[in-house]
Structure formats: C-alpha cells, structure tokens
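Chemist: A structural model of the following input is requested.
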Amino acid sequence: MADNLHALEDWAGALLAKLQPAQRRRLNQQIARELRRRQQQRIAAQRNPDGTPYAPRKARQPLRSKQGRIKQKMFTKLRQARHLKLQSDANRIGIAFMGRVARLARVHQYGLRDRPGRNAPDVQYNARELLGFADADLEMIRDKLLQHLESAGAL
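Modeler: You can find the predicted model right below:
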C-alpha cells in the first residue's frame, strides 16, 4: 500500500507542478472532501481500509440496557464532519480527528491501552483503523487528478 502511494505521489508530482497554486489548492480541496466522505462511509460500515470488519467489542452488550436507551454502532459521532477535519493547501492534503476525540481515535487506530472511565481499570483495545487508504481511494485520487488536468488543458 505504501509503495502504491509513493508511486502515485511520484507520478502526480510532475503533473501538478504544471498547475498554478490556486488550481492545485482547488484540486486538493476537491480530493480532500471526497476522501473524507469515503472515510465517513467506511467508518459507518464498520470496515478497515482493507475491507475487513472491525474487531467486535469484548463483551456482548444488550441492545437495551436501560428503559428507552438503545446503544449505537461504534464511532457514530466520531465520523461527523465537525470531528473529522480537512487540512488542505496548494501542496498537501490532510484529514485528521481534532480536539478531544483525537485521543480516542488514536487509541482505536493503533490498538492501544486506555482507561474507559475515571475509576475504571486499563483496557487493551483492538486495532480498528479509522483512517487509511483503500485501493479505491488511490484510484479516485488518480481519476480526479486526470479529470482536472484534462479540463485545465495541462495534458
């Protein structure tokens, strides 16, 4: 996967150098929005970037633990746009969790130990990759880049 990303970066670098900074910034924003949308959809589907499902929770919890309260899927609020921020300019694209949820996301991304409550014991979490590149994401980046270069007349 990393080799594919580096190959895409090398191939696109020469083509992007022909564009003006404003055009590159606009293209980067389009790609970043699409990547965020895909990440949100993948988190909602409870899938890792390679397509495998997330590791299930340790104990099977009842669907209703208190009267009128229904538990939700993991990370429903975490995938909202207010937590999953875009950072793009003419030279780079970044999608990251911001604020207090960044710590929670990091624990699940890498499978670290954390304390779920104030007086609770430490728990070892399974790795659930919230952010990552799937093969379809790399193809989308390549297609958007080619589309933009064709419309700009740089090819």
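Chemist: Over to residue 15: give its phi and psi.
Modeler: For residue 15, the backbone dihedrals (degrees, to the nearest 10) come out as phi -70, psi -40.
Chemist: Could you tell me how many residues sit around it?
Modeler: 14 (other C-beta atoms under 10 Å). Using the backbone N, CA and C atoms, a C-beta is placed for each residue, glycine as well.
Chemist: Just give the nearest non-adjacent residue to it, would you?
Modeler: residue 149 (5.9 Å; C-beta to C-beta, 6 or more residues apart in numbering).
Chemist: so what secondary structure elements neighbour the least confident helix or strand in the chain by mean pLDDT?
Modeler: Lowest on mean pLDDT, DSSP states H and E among the helices and strands of the chain sits helix 2-16, with a mean of 73. Applying 3 or more C-beta pairs under 8 Å, 6 or more residues apart in numbering; DSSP states H and E, one finds that helix 2-16 makes contact with helix 135-152.
Chemist: Give me the contacts around the helix it packs on.
Modeler: 1, 4-5, 8, 12, 15-16, 19, 23, 27, 30-31, 34-35, 38, 49, 155 (C-beta atoms under 8 Å, 6 or more residues apart in numbering).
Chemist: How far off centre is that helix?
Modeler: How far helix 135-152 lies from its chain's middle: 18 Å, per C-alpha atoms, centre = their mean, to the nearest Å.
Chemist: Does the residue positioned nearest the centre of the chain fall in a helix, a strand, or a coil region?
Modeler: For the chain, residue 131 is the residue whose C-alpha lies nearest the centre (C-alpha atoms, centre = their mean; 3.3 Å). Under DSSP: H, G, I helix; E, B strand; the rest coil, residue 131 falls in the coil class.
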